[in-house]
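Undergrad: the sequence and its predicted three-dimensional model are supplied below.
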Amino acid sequence: MSTPSWFTEAHQASGSSIGFRVEKLLHAEKTPFQTIEIYQTTDWGNLMVIDGCVMLTSRDNFLYHEMMTHPALFTHARAKRVVIIGGGDCGTLREVLKHEEVEKATQVEIDERVTRLAEQYFPELCESNADTRAELKFADGIKYMAEAEAESIDLVIVDSTDPVGPAEGLFNAAFYTSCYKALRHGGILVQQSESPLVHLELIKAMRAAMRTAGFSAVKTLPFPQPCYPTGWWSCTMARKGGELSGFRERGAAAKSFATRYYNAEVHKGALALPEFLREALGE
């Protein structure tokens, strides 16, 4: 590309699209699992695209990574052992390891090339990969959780792509049952749960499947995400014993590390659902 062009992702479910002005294609390859492209944009830093869908940009990924991690970690009393399913760009791992109580964080990503390309084109997200508490595994996350030792994990974060292809098996009761078994009492499962505006039926199905698996409390937290369809995204938390309506607010307010979006007030706000979501989700 000698002059700026546009990368555009059409989203059929919402009848809309998202586009970024790009200066050049930095990298493209087809792995055994998917097609990965990296673009340099004019205003949003680098852009990662997988199978034609936007995964992240340098400019706005902090919204997603912070909301996928800190609400759950400040809700749990003391999460020592964390497992991340997916999360190949390593941004979620970086946020998890900001918490001093975490003794081990294992990232299980099926496609190693996602991580290697993130190390090259999004190095700021990979700055904690060498932390002695971090463990990078390149394997099937569904199999990993099915084989996990019972009651050995405090927090499972499912940082996956959309529920198609390699990620399809991460959105059902069988997978949630594996997570439930592996979690200690009071443990939390958190999963990215798409857009509340256009994926409401998926969110409802996820929550029902989590309840079927045995989780006692389920809570969906919306947050802004400009690079994803509709610009509005969510994560859904499920707890094995106990509730999700409160969190360690004083700890969140006095956190010892920097964030760009998450704070105690944002956490409280995310727990307060808009009316249409309260009605649809029965809260």
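TA: Perfect, thanks for sending it. Numbering: from 1, shown residues only.

Undergrad: for the rest of this, base every contact and every neighbour count on C-alpha atoms.
TA: Fine.

Undergrad: pLDDT weak spots in the stretch 101-250 of the chain?
TA: Regions of the stretch 101-250 of the chain meeting the criterion pLDDT under 70 cover residues 161-171.

Undergrad: and for Ser152, the neighbour number?
TA: By other Cα atoms under 10 Å, 15 other residues sit near Ser152.

Undergrad: who does the host helix or strand of Gly186 pair up with?
TA: Element membership of Gly186 [criterion: DSSP states H and E] is strand 183-192. According to DSSP bridges, strand 183-192 forms sheet pairs with strand 153-159 (parallel), strand 232-239 (antiparallel).

Undergrad: so which bits of the helix or strand harbouring Met206 are buried?
TA: Following DSSP H and E, one finds Met206 within helix 200-213. Within helix 200-213, the residues scored as buried using 16 or more other Cα atoms under 10 Å are 200, 202-204, 206-211, 213.

Undergrad: also stretch 90-104?
TA: For stretch 90-104, the neighbour count (16+ other Cα under 10 Å) marks 90-99, 102, 104 as buried.

Undergrad: Glu127 versus the residue nearest to Gly241 when sequence neighbours are not counted, what's the distance?
TA: In this structure, Gly241 finds its nearest non-sequential neighbour in Gly186, 5.1 Å apart by Cα to Cα, 6 or more residues apart in numbering. Counting by Cα to Cα, to the nearest Å, the gap from Gly186 to Glu127 is 30 Å.

Undergrad: between those two, tell me which one has more neighbours.
TA: Higher neighbour count among Gly186 and Glu127: Gly186, with 20 against 14, using other Cα under 10 Å.

Undergrad: residues contacting the more buried one?
TA: Gly186 sits next to 76, 154, 239-242 when contact means Cα atoms under 8 Å, 6 or more residues apart in numbering.

Undergrad: let me know the closest of these to Ala134.
TA: For those, the minimum distance to Ala134 (Cα to Cα) is 15.3 Å, reached by Asp154.

Undergrad: which ones are touching the closest residue in space to that closest one that isn't next to it in sequence?
TA: Once flanking residues are discounted, Asp154 sits nearest to Gly187: 4.6 Å by Cα to Cα, 6+ apart. Neighbouring residues of Gly187 by Cα under 8 Å, 6+ apart: 76, 153-155, 239-241.

Undergrad: check Glu95 too.
TA: Counting by Cα under 8 Å, 6+ apart, Glu95 makes contact with 65-66, 69-70.

Undergrad: regarding the protein, what is its longest strand?
TA: For the chain, the strand with the greatest residue count under DSSP state E is strand 16-30.

Undergrad: which elements pack onto the helix or strand following it?
TA: Using DSSP H and E, the helix or strand that follows strand 16-30 in sequence is strand 35-41. Packed against strand 35-41 by the contact rule (3 or more Cα pairs under 8 Å, 6 or more residues apart in numbering; DSSP states H and E) you find strand 16-30, strand 46-50.

Undergrad: tabulate those strands (CSV), appending mean pLDDT and distance to Cys179.
TA: CSV is the format used below for the helices and strands packed on strand 35-41 (pLDDT from 0 to 100; distance: least, Cα to Cα, whole Å):
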stretch, mean pLDDT, distance to Cys179
strand 16-30, 96, 30
strand 46-50, 97, 26
